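J.: structure for the following, please:
(chains A and B)
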Amino acid sequence: MWRPCGVMDINYSQDITIFRTGLQKVSFLLLILIAYICPVIFFPENLLAMLILMVITIIPMQGLNIITGFCGQIALGQSAFMAVGGYAAAKLAVGLNVPFIVALPLSGLVAAGIGMIFGLPSLRVRGFYLALATIAAQFIIIWGIFHGGKFTGGIYGLQLPEASILGFVFDTDVRFYVLALTVLLSMSFLAKSIERSKLGRAFIAVRDNDLAAEVMGINVYQYKLLAFFMGSFYAGIAGALWAHYVTVVHPEQFSLMDSIWYLGFLVVGGLGSALGPIAGGVIFVGLKEILATITPIIGGMIPALTETISASLALMAYALVIMIFLIFEPRGVDHRIQLLKTYYRRWPFAK
Amino acid sequence: MMIFLETVITGIVVGSLYSLVALGIVIIYKSTHVFNFAHGEILMLGSFVAWTSLVHFGIPIWLTVPIVLAFAILLGTAIEYLLMRPMVGQPILSMIIVTLGLGAFLTGAGNLWWGKEDYYLLPEIISREPITFAAMNLSRQHIVAFCLSLLFFAVFTLFFRYTKWGLEMQAVANDHQAARSTGISTKLVFALSWIIATIVAIAAGVLLGSMNGVTLDMSVIAIKAFPVIILGGLESISGVLIAGPLVGVLEYLAGRYLDPYVGGGAMDVAPFVILILILVIRPYGLFGLKRIERI
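T.: Numbering: from 1, shown residues only, chains lettered A, B, ... in the order given. Take a look at the predicted model:
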């Protein structure tokens, strides 16, 4: 992070602090304040719904960032782990009457456990093989939910109540936005803390060179499973939030396509940086919203395509964005932002 | 016993269709070291082109074949030129995402033109009447697929062993730089392998389409072919030929004998369970090169 001339780290705790100068703290606090207040006061319902969707998209991408960005493992089953979290939340809320504030981390943990099991192939394989194994995980989990009978509700899904903490019900979009943003902030803090602690550095070592990591005394197997555990924990939290937001969980809400978009837009945002998942999620949901507005217009202009255009255009646009980024800027939006910052800082002395 | 035998034989012939689909992915992997996740979508799109030519425009079959071939050459070259060439040297993760993205893009394109109806029936190139053999009913298409995969296997084994292009493809796969220094055009080889794979995909797609009609979600068969590729060993054509029927048999046996216990649908999930088991037990497959790979 940029800091003024003369501010240097002289010990380890200074090196790992998130904010080193007062200005950084103040500007970050202001940003949080804007994020909380602006939408609540100024935004209409439909924009708030988009923001909530953004938040719920960013959280699993942060988890994916831990698995793929930091630990270098490929996970194409993130939306299935979200499903596990969502179903766990439904089960805990309806069957066991667990209060939301306890059920949320619990459903994250359930998803984390399942995620760790499906992370087991990462101990033996990687690359294409691991991608295939996680795709298989996606299909097995969703199949299990479809065939779970009464327990998972099968094709009918499960109903669950709105989230509530100590009698306060998050039943409007404004209230839910505040809840979701709070969860996002705590999850971001957790992600940043993982990144700057021993854990994150071990993950990065495993990613960059697993052999060297092992030589340095890092238990590669243990850290790989831990990465899957944490990444799926994020997915579980997001799934539980989503379930409480739409108050119904259904296996078709969590498709392989979503898993692919999460990974794809994480790369668009920038792998292995704190900003990456946030930028990726904002671009993904923003694009979704823009397409939802313009497809009816295009469909109206070309009558032959009116019926099919909405599904097609979304698929093609997401895929194009991902492919263009991979070809022209594989380091993602995050890298562009860093370049801009450097340019701003050095202007007019260097390009 | 009869039921068991019928299940096994059905599994073998259905599995040979998996072999056919897997073959295309293996050909690309053998020469370019890219695992093509978009193979199913290429298959789907090619079958739609064949349908449009045959049914929508009523073009006779002898003219449809060159049209489909031209489409395969166009699509294969476009993928190689526009997508794969700029990606040379990128990490595996980027390759995975780019082919997944390509698959989504092709699905979108297919849906744009052919998304209105659920399925499109191909004319009966091969009769849909099943063959009755020793009191067992076998579909003709599956038998054709079985013969076709045997034929393709023979052709491609000979191709890779004896022809100039085949040897060049192997050389490029082995060492990019060394192949180039001996004067092999890697660009041509890459384009060629994409074109061949596309042709194989469309052949499988038309066969599949003549059974169940051409649909948008017929690309799922490529995902079902993944365990075949892994079991076969990712770069072995003969491995795929054997693994296909093997996975098919396991799938049908699971469907026949496990369905009562899991409440139906065991066939849909069996390939994926097999996939994970293979990866954990024997990741390099039956015939794959056993590399000492850092995990």
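J.: CA atoms for contacts and neighbours, from now on please.
T.: Fine.
J.: the stretch 51-200 of chain A: helices as residue ranges?
T.: All helices of the stretch 51-200 of chain A, identified by DSSP state H, counting those that start in this stretch, fall at A:78-94, A:100-118, A:128-146, A:173-196, A:198-208.
J.: same question for the stretch 101-250 of chain B.
T.: With helices called from DSSP H, counting those that start in this stretch, the stretch 101-250 of chain B shows them at B:140-162, B:164-174, B:176-181, B:186-212, B:220-232, B:237-262.
J.: for the longest helix seen in chain B, packing partners?
T.: Criterion DSSP state H: the longest helix present in chain B is helix B:2-32. On a contact count with 3 or more Cα pairs under 8 Å, 6 or more residues apart in numbering or on different chains; DSSP states H and E, helix B:2-32 meets helix B:39-51, helix B:140-162, helix B:164-174, helix B:186-212, helix B:220-232, helix B:237-262.
J.: again, only using 7 Å
T.: helix B:140-162, helix B:164-174, helix B:186-212, helix B:220-232, helix B:237-262 (3 or more Cα pairs under 7 Å, 6 or more residues apart in numbering or on different chains; DSSP states H and E).
J.: rebuild the helices of the stretch 51-200 of chain A as CSV, extending it with mean neighbour count and mean pLDDT.
T.: Listed next are these as CSV, based on neighbours: other Cα atoms under 10 Å in any protein chain shown; pLDDT from 0 to 100:
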stretch, mean neighbour count, mean pLDDT
helix A:78-94, 29, 93
helix A:100-118, 23, 93
helix A:128-146, 23, 90
helix A:173-196, 18, 92
helix A:198-208, 20, 92
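J.: which of these sits closest to A:A304?
T.: Closest to A:A304 of the helices of the stretch 51-200 of chain A, according to Cα to Cα: helix A:78-94, at 33.7 Å.
J.: kindly report the residues of the stretch 1-150 of chain A close to chain B.
T.: Within reach of chain B by Cα under 7 Å from any Cα of the partner chain, the stretch 1-150 of chain A has these residues: A:P121, A:L123, A:R124, A:V125, A:R126, A:G127, A:F128, A:A133, A:A136, A:I140, A:W143, A:H147.
J.: do that again at 6 Å, thanks
T.: Within the stretch 1-150 of chain A, the positions lying close to chain B (Cα under 6 Å from any Cα of the partner chain) are A:P121, A:A133, A:A136.
J.: roughly how far does A:L92 sit from A:G108?
T.: Distance from A:L92 to A:G108, counting by Cα to Cα, to the nearest Å: 12 Å.
J.: repeat that for B:S236.
T.: 41 Å.
J.: tell me who's in contact with B:G115.
T.: Shown in contact with B:G115 (Cα atoms under 6 Å, 6 or more residues apart in numbering or on different chains): A:T308.
J.: show the backbone phi and psi for it.
T.: Taking degrees, to the nearest 10, you get phi -80, psi 0 for the backbone angles of B:G115.
J.: host element of the residue of the stretch 151-295 of chain B found nearest chain A?
T.: The nearest approach of the stretch 151-295 of chain B to chain A comes at B:F272, 4.9 Å away (Cα to the nearest Cα). Taking DSSP states H and E as the criterion, the element that holds B:F272 is helix B:266-281.
J.: pull the number of nearby residues for A:Y245.
T.: Close neighbours of A:Y245, defined as other Cα atoms under 10 Å in any protein chain shown, add up to 25.
J.: which one is it nearest to, not counting chain neighbours?
T.: A:E162 (6.7 Å; Cα to Cα, 6 or more residues apart in numbering or on different chains).
J.: with A:T57 instead?
T.: In space, A:T57 is closest to A:G281, 5.7 Å off (Cα to Cα, 6+ apart).
J.: now do the strand or helix carrying the one you found against helix A:173-196, angle only.
T.: Taking DSSP H and E as the definition, A:G281 sits inside helix A:275-301. Computed by axes from the mean of the first three to the mean of the last three Cα atoms, to 10 degrees, the angle separating helix A:275-301 from helix A:173-196 equals 140 degrees.
J.: which residues touch stretch B:189-197?
T.: By Cα under 6 Å, 6+ apart, the list of residues contacting stretch B:189-197 reads B:G24, B:I28, B:A72, B:I73, B:G76, B:T77, B:E80, B:M169.
J.: could these go into JSON lines alongside neighbour count and distance to B:D268?
T.: Listed next are the contacts of stretch B:189-197 as JSON lines, based on neighbours: other Cα atoms under 10 Å in any protein chain shown; distance: Cα to Cα, whole Å:
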{"residue": "B:G24", "neighbour count": "28", "distance to B:D268": "22"}
{"residue": "B:I28", "neighbour count": "26", "distance to B:D268": "26"}
{"residue": "B:A72", "neighbour count": "25", "distance to B:D268": "30"}
{"residue": "B:I73", "neighbour count": "20", "distance to B:D268": "33"}
{"residue": "B:G76", "neighbour count": "22", "distance to B:D268": "30"}
{"residue": "B:T77", "neighbour count": "21", "distance to B:D268": "34"}
{"residue": "B:E80", "neighbour count": "20", "distance to B:D268": "33"}
{"residue": "B:M169", "neighbour count": "28", "distance to B:D268": "35"}
